[in-house]
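S.K.: have a look; sequence and predicted model below, questions after that.
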Amino acid sequence: MSDNNNLDPFGLARGWMSQWEKLVNQHGTELLAKPEAAQAMQAMTGAAMQMQAASQEASAKLLAAANLPSRADFEALGARLGAIEASLSRIEQSLRAVAPEVTPPRPPVARTRKPPSQSPGN
Amino acid sequence: MATAAGAAPSAVERAIQRNLKGLGYLGSSAPVLGASPKDVVLSRGPLRLYHYHPLTDEVYRVPVLLVMATTNRGYIFDMVPGQSLVEFLLLRGYDVFMADWEAPRPEDRAWGMKDYVEDFVGGSIAEVQRLTGETDVSLVGYCMGGVLSVLWAGLNHAAGPKNLAVFTTPVDFHQMTLFQAWSDKRYFDVDRLVDTVGMAPAEMLLTAFDMLRPAGRIAANFALLDNLWNDEFVKGHRMFDRWSNDMLPLAGEYFRETTKQLVWDNALMEGTMKVGGRPVELGKISAPFLHVTAEHDHIVTTGASAPLLGLIGSEDKEQVVLKGGHVSLIAGPNAVKRMWPKLDAWLAEKSV
């Protein structure tokens, strides 16, 4: 095994990497479980959110000045499309209740399968 | 000496293959995943309900509805031919449906737990019943898909399901110590996050999952370099790497309610969980129940998943701990060998 490792450039690194992975996972998770780590992570998330919100606000102002639709406009449009889709779905369901589909899209399969233990011959 | 002489050609061969195939890897396209023939039979918000085309002339009477975890894509159940749970179940004669998820759109931010449980899981069950003409449906959920399935069953215990199987499903969220630490109320303002960005961003969720094993990504990339000569390893790595990076954002309200009710209040474990104002009564679930957990699950630890069995009221209930991790339990060679046959053996008798 050691002879093989000597010939394989990855042989030595393999053992080292395995040890390193165990150590980092063990100590890293211990460290990340500490309240200070959670606090730092949430501070970073909070800062990223603030930046995103500020950038969205600035973009909206710019787009409004250029007479272009903003993200909020597209979201409102999406919401209206969603409402139309929901209405269509309700109409589709009502139509199905009145006039069920005459031809199924694929021929139905028999729902008669038995488990191997109940099949003839067992 | 003889060992060294014998090993030399193999080691040199591997080194050459590593270089040659490494170049090929960089230039090749990723494998096509989730390609089993199917129809999208219901589309609502982020929900996509698939009906897979049967592969046998005769199927079991009771259809199977797979419910995917809300943070990830459902093609983990349908990787490639030979490594697809969906294909396996189809070949074993099941009529298979899957509730899969797309990334919620900005206007989907208001979908909450009630929508996910009643409209998406409940709506999927209703659609499966309509399409098959059967009132009985087997629910099979993975991770948070398992939580949604259990919640639906706990709200609708009189109506079914016929069978309930879940994989690596958390119930005692206080045992998920890292997630608990990171969502500590003192530092994590979920209202501010949801109210500001509308969603739980996929990047944030991916980082959180990555940090459960801080060295995992580097070690996985090293293992890839080391095994570039091995086509099967490379194929598997590409599939799982693509899937694990293909994370979905979560609708804001759903994330807010999950954080407050499940993670902070541990409501499912405490028996105080309500969805849309209705109590979730796990003790009244009477359907045959199977919980499959993984021995080395670093995401949903044994402490978080094991108590579920005791909370379910069914007389016919079973928990099975199999070798593997959170993902290798359900997909890949380990799953093919262990979990899939177990699921089939449990489900077949109950599907007639």
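M.R.: It's in. Values in this document were obtained by computation on a predicted structure and should not be read as measured data.

S.K.: with adjacent residues omitted, what lies nearest to residue B:210?
M.R.: Counting by CB to CB, 6 or more residues apart in numbering or on different chains, the nearest residue to residue B:210 once its immediate chain neighbours are dropped is residue B:217, at 6.0 Å. Just so you know, the C-beta spots here come from the backbone N, C-alpha and C atoms, and that holds for glycine as well.

S.K.: swap in residue B:18?
M.R.: Using CB to CB, 6+ apart, the nearest residue to residue B:18 is residue B:228, at 4.4 Å.

S.K.: where along chain A do the helices fall?
M.R.: Ranges of helices within chain A are A:2-7, A:9-32, A:35-65, A:71-98, based on DSSP state H.

S.K.: got TSV for those helices, with distance to chain B, mean neighbour count and mean pLDDT too?
M.R.: Below are those laid out as TSV (distance: least, CB to the nearest CB, whole Å; neighbours: other CB atoms under 10 Å in any protein chain shown; pLDDT from 0 to 100):
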stretch	distance to chain B	mean neighbour count	mean pLDDT
helix A:2-7	4	15	54
helix A:9-32	3	14	85
helix A:35-65	4	13	81
helix A:71-98	4	12	79
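
S.K.: hang on, the earlier thing: dihedrals phi and psi, the residue nearest to residue B:210?
M.R.: phi -70, psi -40 (degrees, to the nearest 10).

S.K.: counting neighbours, what do you get for it?
M.R.: 13 (other CB atoms under 10 Å in any protein chain shown).

S.K.: then residue B:235?
M.R.: By other CB under 10 Å, 14 other residues sit near residue B:235.

S.K.: apart from its neighbours in sequence, what residue is nearest it?
M.R.: Spatially, and ignoring its direct neighbours in sequence, residue B:235 is nearest to residue B:31 (6.6 Å; CB to CB, 6+ apart).

S.K.: so that neighbour is in which element?
M.R.: Assigned by DSSP states H and E, residue B:31 belongs to neither a helix nor a strand.

S.K.: distance of it from residue B:187?
M.R.: 40 Å (CB to CB, to the nearest Å).

S.K.: same check on residue A:95?
M.R.: 52 Å.

S.K.: low-scoring stretches of chain B, by residue?
M.R.: Scanning chain B for pLDDT under 70 picks out B:1-9, B:20, B:22-30.

S.K.: residue closest to the middle of it?
M.R.: residue B:142 (3.6 Å; CA atoms, centre = their mean).

S.K.: is the nearest residue to that one once chain neighbours are set aside bridged to anything, and to what?
M.R.: Closest residue to residue B:142 apart from its sequence neighbours, by CB to CB, 6+ apart: residue B:167 at 4.8 Å. Note on residue B:167: beta-bridge partners residue B:142, residue B:292, judged by DSSP bridges.

S.K.: which residues touch residue B:167?
M.R.: B:140, B:141, B:142, B:143, B:146, B:291, B:292, B:293, B:329, B:330, B:339 (CB atoms under 8 Å, 6 or more residues apart in numbering or on different chains).

S.K.: returning to what we had before: the residue nearest to residue B:18 belongs to a helix?
M.R.: No - Residue B:228 sits outside any helix when classified using DSSP: H, G, I helix; E, B strand; the rest coil, being coil.

S.K.: ok, it touching residue B:237?
M.R.: No - with contact defined as CB atoms under 8 Å, residue B:228 does not count as touching residue B:237 (9.5 Å).

S.K.: between these two, point out the one with more neighbours.
M.R.: Between residue B:228 and residue B:237, counted using other CB under 10 Å, residue B:228 has the larger neighbour count: 23 against 18.

S.K.: and the more buried one, how far from residue B:82?
M.R.: Counting by CB to CB, the gap from residue B:228 to residue B:82 is 22 Å.

S.K.: same deal with residue B:337?
M.R.: 13 Å.

S.K.: now residue A:110
M.R.: Per CB to CB, residue A:110 is found 27 Å from residue B:82.

S.K.: residue A:98 too?
M.R.: Using CB to CB, one gets 45 Å for the distance from residue A:98 to residue B:82.

S.K.: now do residue B:290
M.R.: Applying CB to CB to residue B:290 and residue B:82 gives a distance of 24 Å.

S.K.: these two: which is more packed in?
M.R.: residue B:290 (22 against 8).

S.K.: mind checking which helix or strand the more buried one is in?
M.R.: strand B:289-294.

S.K.: please enumerate residues in contact with that strand?
M.R.: B:163-169, B:300, B:302, B:305-306, B:308-309, B:312, B:314, B:316-326, B:328-329, B:339, B:342-343, B:346.

S.K.: re the thing from before, quick one: the residue nearest to residue B:210 and residue B:209 touch, right?
M.R.: No - using CB under 8 Å as the test, residue B:217 is too far from residue B:209 to be in contact (10.3 Å).

S.K.: what is the subsequent helix or strand relative to the helix or strand residue B:164 falls within?
M.R.: Per DSSP H and E: residue B:164 is located in strand B:163-167. As assigned by DSSP H and E, the chain's next helix or strand after strand B:163-167 is helix B:177-182.

S.K.: gap between that next one and the chain center?
M.R.: 20 Å (CA atoms, centre = their mean, to the nearest Å).

S.K.: any idea how far apart the tips of stretch B:296-316 sit?
M.R.: End-to-end distance of stretch B:296-316 (CA to CA, to the nearest Å): 26 Å.

S.K.: that stretch close to chain A?
M.R.: No - residues of stretch B:296-316 contacting chain A under CB under 8 Å from any CB of the partner chain: none, with a closest distance of 8.5 Å.

S.K.: and for stretch B:337-352?
M.R.: Yes - under the criterion of CB under 8 Å from any CB, chain A is reached by stretch B:337-352 at B:348, B:349, B:351, B:352.

S.K.: identify, from the residues you listed, the entry nearest to chain A.
M.R.: Comparing these against chain A with CB to the nearest CB places residue B:348 closest, at 3.7 Å.

S.K.: which residues touch that closest one?
M.R.: Neighbour list for residue B:348: A:115, A:116, A:117, B:60, B:92 [criterion: CB under 8 Å, 6+ apart].

S.K.: equivalent analysis for residue B:178, please.
M.R.: A:29, A:32, A:33, B:211, B:212.

S.K.: okay, now the nearest residue to residue B:307 once chain neighbours are set aside: neighbour count?
M.R.: Ranked by CB to CB, 6+ apart and with sequence neighbours excluded, the top spatial neighbour of residue B:307 is residue B:172, at 5.0 Å. For residue B:172, the neighbour count with other CB under 10 Å is 20.

S.K.: how close does residue B:172 get to residue B:333?
M.R.: From residue B:172 over to residue B:333 the distance is 30 Å, taken as CB to CB.

S.K.: and what of residue B:74?
M.R.: For residue B:74 relative to residue B:333 (CB to CB), the value is 20 Å.

S.K.: more neighbours: the two, which one.
M.R.: Neighbours per residue (other CB under 10 Å) separate residue B:74 from residue B:333, with residue B:74 holding more: 21 against 12.

S.K.: okay, now the domains of chain A?
M.R.: Structural domains assigned to chain A are A:8-66, A:69-97, following automatic domain parsing.
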